[in-house]
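J.: sequence first, predicted model second:
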Amino acid sequence: MNERELDLQLIQRIQNGEQQAFALLVRKYQTRVANILTRYVRSSGDIPDVSQEVFIKVYKSLPNFRGDSAFYTWLFRITVNTAKNYLTSQSRRPPASDIDAEEADSYDGSGALKDDANPEAILHSQEVKQVILKVIGDLPDELKSAITLRELEGMSYDEIAQIENCPIGTVRSRIFRAREAIDKQLKPLLEN
Amino acid sequence: MKHRSFLVVLFSVIVFLVSPQLLASQEETSQQTITKQVQPSALTYLKKMKQAYKELNYELLYLNTAQNQIEPKQLIHGVLDGQRIAYFSYLNGGIRESLQFDGKISYYQQGNQAYSLVTNRDHSVFANIANFDFDSGNKNYEYLILGKSRIAGKKSIAIRMTSKDMYRYSYIIWLDLGSYLPLRLETINKSNLILEQTMVVSLNVTESINPWIKRMSDQKAPDVLHLPKTTVKDVAPWELTWLPPGFKIIKDDQHKLMVHDTDPISYIMLNDGIVSVSIYISTKMTNLTKQQNIIQRGGTLLYTKQQGNVEVNVIGEIPLLTAEKIASSIKAVK
Amino acid sequence: MKEYSQDISTLIDNELHDDMVIKHILDDTESQKQFSRYQLIGDVMRDESEGLDLRIDITDSVMAAIVNETQDNKIVPIATPEKVESNVVPFMKRFGQYAIAASVAGVVVVSSLMINQNAVTDPSVTPVLNTVPFGGAAAPVSLQATPVQTKSGIKERNEHLEALLKDHQLQLQVQP
């Protein structure tokens, strides 16, 4: 396994008792976890709470993590299970007394109302997205292509270097320059 | 579902063609398959709903849910000599009811004097959706059958009207498969969050009109209240340089607000066949900490934007993005 | 002082094994935030941030809960971070604002068009419409750090918004 894999480096530290390293796993995965939860958790206001529950469970089970699957796969499983538990604890409705058992495509909607998405949050998240996409759009082609191959295609520096026909060190600096340019606009948006 | 039924039919036809010796036994089954599987399109269902909503005699008890508030209400609808009569009432709290008939809607409230307004639009609960022009509406919405369910004890079918752009909300409508009347309506944003829900809990369709609303329609309607007309100017000195697709300007005037005795305010109303949006433009600024202010209840948004010395307020069942674009597109008429 | 930004970027991409860099990030709040933002860029590009409130960062509350967990086996509810860590406070502040946004102080919306008695007798008097509270919230509360509005300012503003909402309702009734 790749010794540069960040997840494994962090997990090793945590397993060696360096609790603080877990913060970086949370930082790395909180958006993805929240995104998975939106498929299950109706009330958007509950997502931070359920996310927190997921990470606490992950932390508690880390001693059992053997690294035979990718950390993300494992995290995903815990997230989905937590979401399902949440749904069970939330459901107040009796089981659907559905007619048409043979209709496999029975549609029951969601039953309960979802909370309003907080409009300010939506506006903010749209703004963040627009800013990021705008900066990427304005980047020089070689930076745009490097960050896209990395983030969207998930390619390693080595693979990108082959495609772009440049040294790995150049890939590394192009991706960083792209992030730096985006971050300059992004930072003020995330600070209160 | 559609694909599956298509395949079944296709398969039966192939068997029918290639195995003449099976003809006798197959004919019956394939015939059944075809009749069973021909399902009307979503559009057909929606048009049947439109007709049923206008033409049948029925009584609905329903709930409206927006955020955490629930209000039980009642609608009795009947048709008398081709004329529609709609009676509406809140079931909880003080008596508040209305009757719409013969080009007027009258409001009655306990302890207050009743009054009427002149209107030719249906104001009942599902009217905005049920009276939509579904044929030309496919420019802005896609119609899709989601599946079957049970609502208010009735076998129903769920149809999704998905907005083709990000400037309007989508809807899911459940129809009673017996009468085609709407049973449930959800307003949904682009992240599939339900903003507002109306659910029928009891539906009763009758052969003849409810005798009580028939008697009500015989009585003289309360006095008509005319909204004060503003004489300043007929046309607002503002224009929109952008309209969300499918929306038209249906009103453009200056009038005083009904509550305070304010200066006349410029007003524009947009409509897309389902949703109406009010735009208020004023050079009088209210006290805001930020340049924009957002208030939302259910699907209804109140968006305020101040730019330069102009304040724009946009109100309606539209996404924030749409309100924001509308407000930003306001320009003074040169 | 060494500039770590590029190392953070490389670390995120699983292309760096350097204990010192990780150690530095863990010790430096700014670097942690930068790490989060770099991560967020990818999440947004992959459309994984759709519908989420990106202003919320649960790291501090998770870490506080874990510290507590190991101490006395108790989970700290997310809304009551109580630990000494100073960066727990901004998180709480954000939640406070969320709550305000959700209960928009005192503004009302019209649920039906009903008018007061004295209105009809004199058609020139504009009717007062019956309203229901917006979201059921009571008194206006403002915890925002931005310039504090006076009570009367808020009241005036809400009355204006209410007037607009009522007019909107009325316009809907009489629209062509």
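T.: Now that the structure is in, tell me what you want to look at.
J.: going forward, measure contacts and count neighbours with C-alpha atoms only.
T.: OK.
J.: dump stretch A:13-32 to CSV, keeping only the CA atoms.
T.: The C-alpha trace of stretch A:13-32 is given here as CSV (Å, rounded to 0.1, in the frame of the first residue of the first chain):
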residue,chain,number,x,y,z
ARG,A,13,-0.9,8.4,14.2
ILE,A,14,-4.3,8.1,15.9
GLN,A,15,-3.7,4.4,16.7
ASN,A,16,-0.4,5.5,18.2
GLY,A,17,-2.3,7.7,20.6
GLU,A,18,-2.1,11.0,18.7
GLN,A,19,-5.8,11.9,19.0
GLN,A,20,-5.4,15.3,17.3
ALA,A,21,-4.7,13.6,14.0
PHE,A,22,-8.3,12.7,13.8
ALA,A,23,-9.2,16.4,13.2
LEU,A,24,-7.7,16.1,9.7
LEU,A,25,-9.8,13.1,8.9
VAL,A,26,-12.9,15.1,9.9
ARG,A,27,-11.7,18.0,7.9
LYS,A,28,-11.0,15.8,4.9
TYR,A,29,-14.3,13.9,4.9
GLN,A,30,-17.0,16.1,6.5
THR,A,31,-18.4,17.4,3.3
ARG,A,32,-18.6,13.9,1.7
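J.: pull out the buried residues from it.
T.: Of all the residues in stretch A:13-32, those buried under the rule 16 or more other C-alpha atoms under 10 Å in any protein chain shown are A:13-15, A:19-32.
J.: so which of those residues are in strands?
T.: Among the buried residues of stretch A:13-32, DSSP state E puts none in strands.
J.: keep only those that also lie close to chain C.
T.: A:20, A:21, A:22, A:23, A:24, A:26, A:27, A:28, A:30, A:31, A:32 (C-alpha under 8 Å from any C-alpha of the partner chain).
J.: the nearest residue to residue B:285 once chain neighbours are set aside: what secondary structure?
T.: Among residues not flanking residue B:285 along the chain, residue B:311 sits closest, at 5.9 Å (C-alpha to C-alpha, 6 or more residues apart in numbering or on different chains). Of the three states, residue B:311 takes strand under DSSP: H, G, I helix; E, B strand; the rest coil.
J.: and residue A:138, how many neighbours?
T.: A count of nearby residues for residue A:138, using other C-alpha atoms under 10 Å in any protein chain shown, gives 11.
J.: from residue A:145, how far off is it?
T.: 12 Å (C-alpha to C-alpha, to the nearest Å).
J.: can I get the ones next to chain C among the buried residues of stretch A:13-32 in a markdown table including pLDDT and distance to chain B?
T.: Listed next are these as a markdown table, based on pLDDT from 0 to 100; distance: C-alpha to the nearest C-alpha, whole Å:
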| residue | pLDDT | distance to chain B |
| --- | --- | --- |
| A:20 | 91 | 35 |
| A:21 | 94 | 33 |
| A:22 | 95 | 31 |
| A:23 | 95 | 29 |
| A:24 | 96 | 28 |
| A:26 | 96 | 24 |
| A:27 | 96 | 24 |
| A:28 | 96 | 23 |
| A:30 | 96 | 19 |
| A:31 | 95 | 16 |
| A:32 | 93 | 16 |
